[in-house]
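Chemist: A predicted structure for the sequence below; I have some questions about it.
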Amino acid sequence: MSAAFDILLCLMILATAGIALFVRGAFAAIAFFIAFGNLLGLAWLALGAVNVALAEIAVGAGVTGVALILACSRLFELGDNLADVRTPLASRLGSAALCLGFTVMLAGVVLTIPPGDRLSKVVAPLLPGLGIENPVTGVLLAFRGYDTLLETFVLLGALVAAWSLTPDASRRLPPTTMVMTDPTSRIVAEAFTRLLAPAALIIAAYLVWVGSDLPGGAFQAGAVLAGALVVATLGGVVVLPRLDSLAARIALMVGPLTFLAIGLAGAALGGRFLAYPDGLEKTLIVTIEYALAISIAAGLALLAIGPPQPMPNNARADAR
Amino acid sequence: MSEAFMLAAMLVLVSMAAALLRAWRGPTSVDRIMAVQLVGTGMVGVAVALGAARNEAGMLDAALVATLLAAVAVSAFVRRPEGAATSHSKPNSPSLDR
Amino acid sequence: MSPLDLLVATPLGFMLAALAFGGQGRWLILVASPLMMSLAVWLVFLPPDAAHVVGGWDLPLGILLRGDGVARVFVLGAALCAALVGLQALYEFSPQSGGPSARNRGFWPLFYLMWAGANAGFLTTDLFNLYVALEMVSLAGVGLSALGSLQAALRYFLFALMGSLAYLLGVALLFANYGTVDITLLARTAEADAATLMALAVMTGGLLVKSALFPLHGWLPPAHAAAPAPASALLSAIVVKLGFVILMRLWFEAFATLAAPIAVGLLGALGAAAVIYGSIQAMRQRQLKALVAYSTVAQVGYLFVAFPLVAAAPSAAWSGMTLHAVAHMLAKAAMFLAAGLMLKAAPGRDIADLVGLARVMPVTVTAFALAAISLMGLPPSGGFAAKFMLLDAALDQGAYIYAAVLLGGGLMAAVYLFRPIAVAFSGAHGRAVALKAPLAAVAPLALAMCAIALGFFGVAFAELAAIGAPWAQGDAIGGVP
Amino acid sequence: MLVEGGHVFAVTGAVLAGLGFYSFLVKRHPIRQLLAANVVGAGVFLMLGGLGRSPGGADPFAQALVITGIVIAVALSALGAAMVVRLAACGDKDEAPLGEKREGP
């Protein structure tokens, strides 16, 4: 039964991906991309990787989907109808042959590798020393904390790069100019956000807290919070701060700064960079995770909503 | 018992496939949004069933998160830029069809 | 505390500080430049076996940082470039120089992010960590080139994205196959099975995009030509080199035993094609920065021409290859900075607009000419020493075609680089206007002089680059006993 | 046996990578290319996950790599989307590149 479930799930994943990639309409493509993300989340559950499933559901489908939808709406308003320019038949056939060969080879290669859990036997004996039980958190925050540290800076860098695209004039604007068209639906959105926000906050805090022992952690929690922030922003309940405002800077920097400072403190106290002193491992890991969750939430929300858009028809809206 | 939950998960998955078919056929954008929402709901169901089948509480957390975030995408779909001209689409109807 | 950690942690700290200080953050470079330079020098003088795992977590779980010869010379070269380019940017992105402040502010965090990412990449032996470092550098590179042309930046972004994904695909295959992503462990266990070969092929493909080897160079000329001068300098000096260093680590260390002569020969052939194609394109350009950008395409070619030479007999070609990479870093950074200054003074972007410029800004044009000397491979310069070592290795191995490419490439470089210099020195009545900032030419001049000076330290450089080199440890490369 | 050990997911991942790669080559609009890149990324991650599956559970190391990868992917996608929108808004012409700005007369 489980095998049949896996196969059906994989077929559905392939079908949604195919439609998302090749359907004509851009919005339909993104709709299917979101469904694809949901199904991927299920695939991770089926694989027993609940940590990844949480991240995929919240980040992959949620934040990426929102960023793409908003980009498409904005492009429509700018007169770009996302028309599909047909590449010449010969180049399509060539690409198809190339990619078919590549896929067959890759699939063949994948089948030569026996699936198996390679490192959990190495990870497991080290976890008691950290005082945590979730091996994924152990890998992310301790054994490969260096990767995670650098990755938080990638997130920050993407945000800076996105914001440095905006001309000075619209930098004064808050980062969203997207609202609901219909006043009634706006009331619904507001009420909904008031219900959602506290729930999201509680779930995020819970995910960080259980993250040291059960699936969860800073990224998942941050993504949940970001999702709530996005809904609240789109509903007009919250106005996200500008990137150069004090609030945004503090929220964005608290995570990377805490992580970096604790890493350097470990080195200064005679250990190694990013080594946790004996006995303090869990405390420090949870501290870093809470700080990271805040920064990730702020970063993902700002990225999903995008930098302020100077809309060409803003003037017309003012005149109305 | 776990087989029964697996069967349930499978059935929900099949219903999700039906929703996907609807999302593909359209014909209107509202159909598509609702169908994608149905896929999201189905995901919650499958996650719960899988969690029960495998006896893993973490999967319920995944279902919880999925429920919480189900509204994120749809609330982005129904958004228009502030002051947007409505020449491209009828008012109040998100333009999925293009 | 070890420079292996601090070389990454320090620029990250500066990135946060630059964000925190906003508009005033640009002055941080005055602290960052000397600090990073001293860290890089400290790295050079570490004991030869300097290496440690981050946080004390052993392989295969942890991440090994290692200061081998390659890391030392590239970190030092990158530090020199970034420190001087940063000082130049202090002028370029000052509020007085005009330009939107959002862009001026965006430069600094991305600059430090790139510096940290480059150092992280040079120092790590972990392939997944290299992926993260690669993304840091590419992201910063995209952000910086977007300060110039958004169109070119978007194209670069999409190229870079696919390159990273191909690389990541290889990392995934290797992890699934061996249960480790560490180069030193892979070097011991790697076998020539299907998964490994596929992984090596896709990773190489992805990294060739990142290092802009012909015919995957399409993103480079528009992005480099359109970006602000300090950004182009960093793109040519650092971004392209990181992809190359990872390729070196893959082909000569992790999979040294699998590097089949045919595959290495293919890279060499692509390199030779890049030298010829890039040089011809550079000759055809009318705009100065486009010429300099195509020169990068040609110069990257030399690095890959060296691949078969290193595979056949590493000791001589290895120092030539690394020296060429570092000399190009310095000379090209100098040239882009000088070109940026020249274009500010000239009435247009074309080479023809440079008429009479040598009279107006002699120091800047001198810097440009000195950098050109190193790029052409004229003595005495780093470029000359590098080309001499490579040529020596090629003739030794009887690889006459590569020797001809090396010589011909130098000749063509002389042709295309002489053109702007000749124009700048010609004509007494150009329409050029002198810049009000006489100190602005200091950074390009210093970089160009470093590139020249490198020629006098060829032997010392070769010894430094050979520290911990894979071929020096008794294992032969490329199946040569 | 093919079905038992996660190969199903790994092969699905491989096909996703191929599909995404093809779409990237034949679609010209940058938003569609962004979508394609995301699908390739998802395929790579799924390969990593599928090959890390064992009866006892999933490889924690592979899971951590995937989570890191997902966060990087979302950061880059959002940046890409912002760039596409900005490009459409200004047509790449509204502001002269900084490097070429001339000093006052």
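Modeler: Yep, that arrived. Residues are numbered from 1 along each chain as shown, chains lettered A, B, ... in the order given.
Chemist: mind showing which ranges of the chain have poor pLDDT?
Modeler: In the absence of a named chain, chain A is used. Under the criterion of pLDDT under 70, the regions of chain A flagged as low confidence span A:1, A:168-182, A:310-320.
Chemist: that answer is for a different chain, and I need it for chain C
Modeler: Segments of chain C classed as low confidence (criterion: pLDDT under 70) are C:95-103, C:428-432, C:434-436, C:473-481.
Chemist: how is it partitioned into domains?
Modeler: Following automatic domain parsing, one finds the domains of chain C at C:1-259, C:262-468.
Chemist: next: chain A.
Modeler: Chain A resolves into domains spanning A:1-116, A:121-320 when parsed by automatic domain parsing.
Chemist: could I get the contacting residues of C:A331?
Modeler: Taking CB atoms under 8 Å, 6 or more residues apart in numbering or on different chains as the criterion, C:A331 is in contact with C:371-372, C:374-375, C:381-383, C:447-448, C:451. For every residue, glycine as well, the C-beta is placed using N, CA and C.
Chemist: again, only this time at 10 Å
Modeler: C:A331 makes contact with C:236-237, C:295, C:299, C:370-376, C:381-383, C:447-448, C:450-452, C:454 under the criterion CB atoms under 10 Å, 6 or more residues apart in numbering or on different chains.
Chemist: what do you get for B:F5?
Modeler: Neighbour list for B:F5: A:1, B:48-55 [criterion: CB under 10 Å, 6+ apart].
Chemist: once you drop chain neighbours, what's closest to C:V181?
Modeler: If the residues on either side of it in the chain are set aside, C:V181 comes closest to C:L127, at 4.3 Å by CB to CB, 6 or more residues apart in numbering or on different chains.
Chemist: where does chain C get nearest to chain B, residue-wise?
Modeler: Distance from chain B to each residue of chain C (CB to the nearest CB) is smallest for C:L150, at 19.7 Å.
Chemist: and the helix or strand hosting D:F9, what other elements does it pack with?
Modeler: Per DSSP states H and E, D:F9 falls inside helix D:7-26. On a contact count with 3 or more CB pairs under 10 Å, 6 or more residues apart in numbering or on different chains; DSSP states H and E, helix D:7-26 meets helix A:2-22, helix A:26-46, helix A:89-112, helix C:150-178, helix D:30-51, strand D:53-54.
Chemist: centroid residue for the chain?
Modeler: Because you didn't say which chain, this covers chain A. With distances taken as CA atoms, centre = their mean, A:V59 lies nearest the centre of chain A, 3.0 Å away.
Chemist: hmm, I had chain D in mind actually
Modeler: Residue closest to chain D centre, computed by CA atoms, centre = their mean, is D:N38 at 3.2 Å.
Chemist: quick one: contacts for that residue?
Modeler: Each residue near D:N38 by CB under 10 Å, 6+ apart is listed here: A:17, A:20-21, A:33, A:36-37, A:60, A:64-65, A:68, C:161, C:165, D:20, D:73-74, D:76-77, D:80.
Chemist: what do you get if the cut-off is 7 Å, keeping everything else the same?
Modeler: Taking CB atoms under 7 Å, 6 or more residues apart in numbering or on different chains as the criterion, D:N38 is in contact with A:64, D:73, D:77.
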